[in-house]
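Peer 1: Any chance you can model this:
(chains A and B)
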Amino acid sequence: MPVTRMQSTGSKSQTMSDRTATVSRLEEVVSTPDEFDQVVLQALPILLDRATASTKRFLRETGQWNDDIEHEKFALRWGSEYLERFLICGRTEVPCRPLFLFDSLVAKQHSKPEPFCYHPDLLRPLGRFLDGLAARAVISRDALIALFHHAYGWGPGEVIAVTGLNGVESQRIYKNFRRWRESGWQRTMDEMGLTKTELAELGNQQQRHRQRFNSEAERLIRVAQAHYRKSEPDHYPCLSRSQWGEMFTQGYGCDYRIWHLALCLDCMQTAWGLGSSGSNVGEKPRLELQVRP
Amino acid sequence: MGQEEDLELYRSRLLESLNSRSSRFPQGVSDPIQVYVNERRVGELEGAGIGAMLQVQCVEHIDTVQLRTEEGVLLGGLAAPEHGFRTDRLRISTDAIELCVHNRAQGGTLSALFIPAPSFWGRAWKSIAEIGDRLVAHRPDTAPAYGMRMVAFTQVLLAIAVVGLVADRVPTWMPPERMPSPVVQTASLPASPPTETARLEQQLTEVARIQAKIGEALASQQNGIVQLHQAMAKLSSNQESMASGVVTVKEEVKEELEKRLEAIGRDADRATRHIASKGRVEQEQLEATIHTLTADNDRLSKEVAGLEEHNQTLKAKLQTTVVSTSKAVDPGPERLLKMADSIQATQQAPFLFWVTFSEGTSQESIDQWVNGMKGHKGVLNEGWQEVRIVPPPVPPDRFLEQIRGDKIIKAARINQ
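Peer 2: Purely as a prediction, here's the structure:
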C-alpha cells in the first residue's frame, strides 16, 4: 500500500512538472506555423482548461453562473469553441507567444456584447438540443437545412418546395440531408454533450406530452433563433409577405430564403405557400420537433 | 459522482474532437466552401470551380476570416491585422485557397481565391520540366523552361543527324537490283570494303566532333545566358534603385512644395484676416457715426418743428395784440413792425448751461473764456457757474462735448 501511494505521488509530481514545462513552452515565442501547431497540439488540455476557466469567470462576473453540471458543460463547450478558432487563426499570427495570444483571443470574445447565447432554460437537455441545432446551423449548411426537418418534420422534397429552389440548389439539399443523417447530427449531439439517455428521455417526453413538449420547444427555439440569426448576413432582415412573394416569383435570393426561413419561425409562417406557386396553401406550419435526423 | 464522470467524458470527447481536427479534412473539396468574416457568413467559394474567387467589402474592420465545409468543419482561417494587408495560402488537401485581407481606416476587404490542384497532365508536364532542368546543371532558377527547351532541341538535332547518316549509308550497303533478306544484309556488313568502313568511322568521328562542338556551343550559350541574367538582375536593381531615388526626390519636392504652399497660404490667410478685421472696425465706427448723426438730425428736426410751432403761436398772439392795440390807439405801421421785431428778439431765448472749471483756473481766464463764448455769467451754485450764451449752431450735446474739450473746463451740463 505505501508503495502504491509513493508511485501515485511520483506520478502526480511528474504530471505537474510536465504541465509546468508545457505552460512555459507556451509562453515562449514560436516563429513558424509548424512550430505553433506542434506546441499548441501538445498543450490542448491545458488550453481547454484555461479557456473554460475564463468562460466560467465571465459567467460569474456577469451573474450567469450556477454551480451545476449544466453550467460546467456550457463553459467547457465554449472553451472548446475558442480553442478550435485559436488552432486555425493563431498560426497566422506567428511569431507570437501562444499562451498570451490565446488569452487575448478569449478576452476579445468575452468583450463582445453577447459572446454566446445564454439562457438558463437553454442549459437543460431540450434547450441544449435546440441551442446546438441553431448554433450549428450558423456554421454548417447541412445543419441549416436540417433545421427544416427538426422544426417541421420535412424531408428534402418539402424543403425544396417550401423554399422554391431550382434544380442545382435542389441537388445540394439532398446532399445536405444525407450528410446530416450520416454524421452531422451525431457530431452536433456530441459537441453539445447530449448523452444517449438524455436523447431518449427527450423522445419519451415528446411521446407522452406532445403538445406541451412542442410549445416549450417553440418558446426555446425562438430564443435561440433570435440570437443566432444575428450571424446571418446583414442584409437578411425579416420581410413582409409581398416582399417574400416578389422574391419567390422573380426567383432571386436563394440564400436569403434558405438562411432566413430556417432561422425564423414567424417569417416561415409569413412566406408559407409562396414557394410552390401558391398550390401549397394548407394550414400554416407549426413547430413539430423531431429529435432524430 | 455520475455527473463528474459525465463531465469528464464530455471534456475528453471535446479534446478528442480537437485533436482529430486535422484528420477530418475532406480528401478533395467538391462542395462550396463557406466563407465567414468576423464569424458571420459572407458567401461561398465554388470548391469545384477553377479559379473561383470571392471578394467581400465590409464596412467594419475584418478581425477573422474562417473557411468551413458545408458540414461545418473549420478548414482554415486568418486573423487579420488592425490595419494593412495580410495574405495567407491555406492548403486543403491538394487544393489551396489564397486569402488576402486589407483593413483600412474605414472597413476592410477580403478576397479569397480557390486554386485547384493541377490535373494529371499538368503534373506530368511539370515533372518533365523539372527533370529537364536537373539535366542542365548549375543553371539559374530564373529560366527553367528555357534550359529544358535547349536540351530537347539538341537531342532532336543529334537524332536527325544520326538518322540522316544512316539514310545516307543504307543505299551504299544495299545494291539497288535486289533486296537482300535481313540475314543476307547482316552477313554482307562485314563484307563491305575496308575503305567504306574507314569512311564510316571518319563520319562517325565527325558526328562526335559536331556533337562535342554543339555541347561546347550550348555551354557557352548557357554561360552567356547566365551573364545576361546577371546583367539583367543588376540592371533591374539599378533601375529599382533609380526609381526609388526618383520617388524619394519626387516626395521631397512634393513635401517642400506642400510646405511652401502651406506657408504662403498661412501668410495670405493672416493678411486677409487682418485686413478684414481692420475693415470691420472701420465699418463699425462709420456705422456708429452715421447712427449718431441720424439721431441728431431727428432731434434737430423735432426742435425746428417745435420752434416753428412756437413761432406760429407767437405770431397769433402778435396778431391779437395788434388788433387790440389798434382798437385802443391807432398806431402807425412802423411802430407795429418795431414791436414785432422786439417780440421776435425776445423769442430768441439765451442758451443756458452750467460749468465747473479746473482747479487753479484764475478768474481772469474764466472771464476770458466767457467773453470768448460771447456769453454772460450767471449765478454760482456749489462750484457750478451758470453761463448764458446765444444758442449755439450745433445741438446742445455736441456743444457740451465741444466745451468739455477746453482746457479750463472740468465739467459741463445743461441742467442745474
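
Peer 1: Quick check, pLDDT for residue 38.
Peer 2: Using chain A. pLDDT recorded at A:Gln38 is 93.

Peer 1: other chain: chain B
Peer 2: 90.

Peer 1: roughly how far apart are it and chain A?
Peer 2: 10 Å (Cβ to the nearest Cβ, to the nearest Å). Placement of C-beta: from N, CA and C, glycine included.

Peer 1: any low-confidence regions in the stretch 1-150 of chain A?
Peer 2: For the stretch 1-150 of chain A, applying pLDDT under 70 flags the ranges A:1-12.

Peer 1: Show me what from it comes close to chain B.
Peer 2: A:41, A:44-45, A:48, A:69, A:72-73, A:76-77, A:80, A:83-85, A:87-90, A:92-93, A:108, A:136, A:138-143 (Cβ under 8 Å from any Cβ of the partner chain).

Peer 1: For A:Arg181, give me its contacts.
Peer 2: Going by Cβ atoms under 8 Å, 6 or more residues apart in numbering or on different chains, A:Arg181 touches A:Pro293.

Peer 1: Take the residues of the stretch 1-150 of chain A next to chain B and keep only those in strands.
Peer 2: The strands, defined by DSSP state E, take in nothing from these.

Peer 1: Just the buried ones among the residues you listed, please.
Peer 2: Neighbour counting with 16 or more other Cβ atoms under 10 Å in any protein chain shown marks A:44, A:48, A:69, A:72-73, A:76-77, A:80, A:83-85, A:87-90, A:92-93, A:136, A:138-143 as buried within the residues of the stretch 1-150 of chain A next to chain B.

Peer 1: Chain B: strands as residue ranges?
Peer 2: For chain B, strands defined by DSSP E occupy the ranges B:33-37, B:40-45, B:53-58, B:64-68, B:74-79, B:84-92, B:95-103, B:108-115, B:351-357, B:376-381, B:384-389, B:409-413.

Peer 1: Any buried residues in the last one, and which?
Peer 2: It refers to strand B:409-413. Quick answer for strand B:409-413 (16+ other Cβ under 10 Å): B:Ile409, B:Ala412.

Peer 1: Near the residue of chain B found nearest chain A, how many other residues are there?
Peer 2: The minimum distance from chain B to chain A, using Cβ to the nearest Cβ, falls at B:Gly72 (2.9 Å). Neighbourhood size, B:Gly72 [other Cβ atoms under 10 Å in any protein chain shown]: 21.

Peer 1: got it, and A:Gln206?
Peer 2: 18.

Peer 1: Quick check: it is in a helix.
Peer 2: Yes: under DSSP: H, G, I helix; E, B strand; the rest coil, A:Gln206 sits within a helix.

Peer 1: where does it land on pLDDT?
Peer 2: 93.

Peer 1: so who does it touch?
Peer 2: A:Phe213, A:Asn214, A:Leu289, A:Val291.

Peer 1: Give me the neighbour count for B:Lys278.
Peer 2: 10.

Peer 1: just to revisit the earlier point, put together JSON lines for the strands of chain B, with distance to B:Val323 on each row.
Peer 2: Shown next, in JSON lines, are the strands of chain B (distance: least, Cβ to Cβ, whole Å):
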{"stretch": "strand B:33-37", "distance to B:Val323": "112"}
{"stretch": "strand B:40-45", "distance to B:Val323": "111"}
{"stretch": "strand B:53-58", "distance to B:Val323": "106"}
{"stretch": "strand B:64-68", "distance to B:Val323": "116"}
{"stretch": "strand B:74-79", "distance to B:Val323": "118"}
{"stretch": "strand B:84-92", "distance to B:Val323": "111"}
{"stretch": "strand B:95-103", "distance to B:Val323": "109"}
{"stretch": "strand B:108-115", "distance to B:Val323": "108"}
{"stretch": "strand B:351-357", "distance to B:Val323": "33"}
{"stretch": "strand B:376-381", "distance to B:Val323": "36"}
{"stretch": "strand B:384-389", "distance to B:Val323": "34"}
{"stretch": "strand B:409-413", "distance to B:Val323": "43"}
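
Peer 1: And for residue 61, the neighbour number?
Peer 2: In the absence of a named chain, this looks at chain A. By other Cβ under 10 Å, neighbour count at A:Glu61 equals 10.

Peer 1: ah, I was thinking of chain B
Peer 2: Neighbour tally, B:His61, other Cβ under 10 Å: 17.

Peer 1: Right, I'll call it a day here.
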